[in-house]
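Trainee: Show me how the following folds:
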Amino acid sequence: MNKVEIFVSVEEEIKELETVEKVLESAIKKEQLENVSFNVIIVDNPYIHELNKTYRNIDRETDVITFALEDENSIILPEKERILGDIYISIDKARQQAKDYNHSLLRELSFLAIHGFYHLLGYDHQTPEEEKIMFTKQEEVLNDFGITKENI
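Mentor: Reported below is the predicted structural model:
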């Protein structure tokens, strides 16, 4: 059984997260994964800034940070379940980027969550080849769910 947990650490209701959870479940199904679990944690800019500074030595806020447990060889994980890790998303950056890119908060949160999901699975975008693979997968999931740049 797959398990996606979404935690909101800001003092506001974010109605878009119900759909974001369904988009993530769709991505899990698309990737034919079973018995995976991971968390999505919604934070504010000061919190994600501190994470970025502490764990990546980058002294500024960012939109999404992932902590993939399967990247860490010293952690012993249960065999029956894949615990992928955590995705931290800044709601402040998501709102600003939605405005900057002229699309909805739903589109931005869904994109950031899916982006983080693929990082948890080991995908990256350090080279043009890697970026093409990862971003194609992201767009396919979003398009399959009807969350396109054009209609949202």
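
Trainee: Which of the residues in stretch 90-100 are classified as buried?
Mentor: When neighbours are counted by 16 or more other C-beta atoms under 10 Å, the buried residues of stretch 90-100 are found to be 90-94, 97-98. (C-beta placed from N, C-alpha, C; glycine too.)

Trainee: What of stretch 115-135?
Mentor: Within stretch 115-135, the residues that count as buried by 16+ other C-beta under 10 Å are 115-121, 123, 125, 134.

Trainee: Any chance of CSV for the buried residues of stretch 90-100, columns secondary structure, pLDDT and distance to Thr62?
Mentor: Rendered in CSV, the data for these read as follows (DSSP: H, G, I helix; E, B strand; the rest coil; pLDDT from 0 to 100; distance: C-beta to C-beta, whole Å):
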residue, secondary structure, pLDDT, distance to Thr62
Ser90, strand, 98, 7
Ile91, helix, 98, 13
Asp92, helix, 97, 11
Lys93, helix, 98, 7
Ala94, helix, 97, 11
Gln97, helix, 96, 11
Ala98, helix, 95, 16
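
Trainee: got CSV for the residues you listed, with distance to Asp59 too?
Mentor: Below are those laid out as CSV (distance: C-beta to C-beta, whole Å):
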residue, distance to Asp59
Ser90, 15
Ile91, 20
Asp92, 17
Lys93, 15
Ala94, 21
Gln97, 20
Ala98, 24
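
Trainee: Right, I'll call it a day here.
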